[in-house]
Every structure is written in structure tokens, then in C-alpha cells.
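Chemist: would you be able to build a 3D model of this:
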Amino acid sequence: MNSTTPAPACTRKTLWAWAIATFFGSGLLKPAPGTWGSLAALLLWAALAMGAHAPASTVLIALIGGIVLSIALGVPAATISARESGRKDPGFVVVDEVAGQWIALLGSPADWKHGLIALVLFRLFDITKPFPARQLEALPEGWGIVFDDVAAGLYAWGVAAIVRIWL
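Modeler: Residues are numbered from 1 along each chain as shown. Reported below is the predicted structural model:
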């Protein structure tokens with residue numbers, strides 16, 4: 001190849017980053033990949049909380065660990081996947097929805113009613129992005145991709161905690 005021939009577009013994918021960013025493929029499902037990512041997070045919570053009958057303290061520790069990991073690995077994975085896809089905030093990146101959904105589930109009793117409340121509230125706040133969540137999208141690369149959903153998760157967590165007072 002000589003200097004006047006353009007280089008081919010990057011088609012290489014960093015496997016670990018794409019696996020994390022798509023949350024092991026759930027972000028590749030259509031339609032609404034963000035909802036699929038949130039459902040995957042909800043199902044993992046349900047498997048631990050209801051399926052395995054884990055004590056509430058174990059579920060809390062697992063959720064906190066999952067949140068930390070999904071943010072710590074999600075930011076670089078989202079950055080790499082976005083760069084490799086050539087898109088600023090690709091829809092297939094759903095590790096941010098996973099982090100936000102798990103935040104929304106913090107403190108939820110282990111039943112479907114509370115899990116669905118957390119899911120609906122998180123998706124509502126993730127889609128509407130009330131202040132300052134939308135402004136967090138301006139953070140660079142993976143930081144912006146992940147932290148607007150962390151904010152949406154915090155909103156959902158707060159509202160869900162208030163709703164639990166009356167349920």
C-alpha cells in the first residue's frame with residue numbers, strides 16, 4: 001500500500017470491551033437495546049434475590065459490587081466500543097443501563113412488584129434525563145455514556161424508596 005491509498009476503516013473489535021459494553025450481547029437485541037440491558041440486570045438481581053433466596057445483605061453487597069464493576073469496567077469498555085464503532089453514544093452500549101438499573105434496585109424487597117417499579121422508574125428517568133443527567137452526557141467518551149445513566153439510576157432509587165413507604 002503506498003502513501004496515496006487510504007487506509008481501510010477499522011473493523012477490529014476489542015472483544016472484552018464489546019462483551020462488557022453490550023453486557024454480553026443484550027445490547028445487540030432489538031428493539032430498544034437499553035431496555036434489554038435493563039431487563040438483563042433485573043433478571044440477574046431476581047435470580048440472586050428470589051431464585052437463590054440470598055439474604056438481603058448478600059443481595060445488597062452483590063448489587064454494590066456489580067455497580068462498582070459495571071462503572072469501573074463500563075467506562076473504558078464504552079469508550080473503546082464507541083471509538084471502534086465510530087459513534088459517540090452507540091445504542092448497543094448498555095453497560096450503563098445495567099449500572100443504573102442496579103442502582104435503582106438498591107434496597108428493593110426481593111419481589112417482582114418492587115423489581116418492576118425499579119425497572120419502570122429507571123427507564124423513565126433514563127429516557128427523560130432530568131437535570132443534571134442530560135448535562136452529564138457532555139462528559140468525555142465513556143464517562144458521558146455511563147454517568148447520565150448513573151444519575152437516572154439515582155433518581156429512580158430515590159423515587160422507589162419513597163414509593164416503598166406506601167407499599
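Chemist: alpha carbons only for contacts and neighbour counts from here, please
Modeler: Noted.
Chemist: any idea which residue sits dead centre in the chain?
Modeler: residue 97 (2.1 Å; CA atoms, centre = their mean).
Chemist: list the contacts of the host helix or strand of residue 96.
Modeler: Using DSSP states H and E, the element containing residue 96 is helix 95-105. By CA atoms under 8 Å, 6 or more residues apart in numbering, the surrounding residues in contact with helix 95-105 are 20-23, 34-35, 37-38, 40-42, 45, 63-64, 66-67, 70-71, 74, 78, 115, 118-119, 121-122, 145-147, 149-158, 160.
Chemist: before we move on, what about stretch 113-125?
Modeler: Residues outside stretch 113-125 that contact it (CA under 8 Å, 6+ apart): 35, 38-39, 42, 46, 100-101, 104-105, 108-109, 152-153, 155-157, 159-160.
Chemist: in stretch 83-96, what's buried?
Modeler: Of the residues in stretch 83-96, 83-84, 88-90, 92-96 count as buried by neighbour count, 16 or more other CA atoms under 10 Å.
Chemist: from these, pick the one nearest residue 141.
Modeler: Residue 141 lies nearest to residue 88 out of these, by CA to CA, at 7.0 Å.
Chemist: please report how far that closest one lies from residue 137.
Modeler: 10 Å (CA to CA, to the nearest Å).
Chemist: what do you get for residue 111?
Modeler: 32 Å.
Chemist: next: residue 123.
Modeler: Relative to residue 137, residue 123 is positioned 16 Å away (CA to CA).
Chemist: between these two, tell me which one has more neighbours.
Modeler: Shown here are residue 123 and residue 137; by other CA atoms under 10 Å, residue 123 has more neighbours (22 against 19).
Chemist: need the per-residue pLDDT for the more buried one.
Modeler: Residue 123 carries a pLDDT value of 98.
Chemist: just the element for it, please.
Modeler: Using DSSP H and E, residue 123 falls in helix 112-128.
Chemist: which stretches of the chain have low pLDDT?
Modeler: 1-11 (pLDDT under 70).
Chemist: would you confirm that residue 23 contacts residue 38?
Modeler: No - here residue 23 does not reach residue 38: they are 9.9 Å apart, not a contact under CA atoms under 8 Å.
Chemist: what touches both of those two?
Modeler: Shared contacts of residue 23 and residue 38, defined by CA under 8 Å, 6+ apart, comprise 94, 98.
Chemist: for residue 29, give me its contacts.
Modeler: When contacts are counted by CA under 8 Å, 6+ apart, residue 29 touches residue 36.
Chemist: separation between it and residue 93?
Modeler: Taking CA to CA, one finds residue 29 at 11 Å from residue 93.
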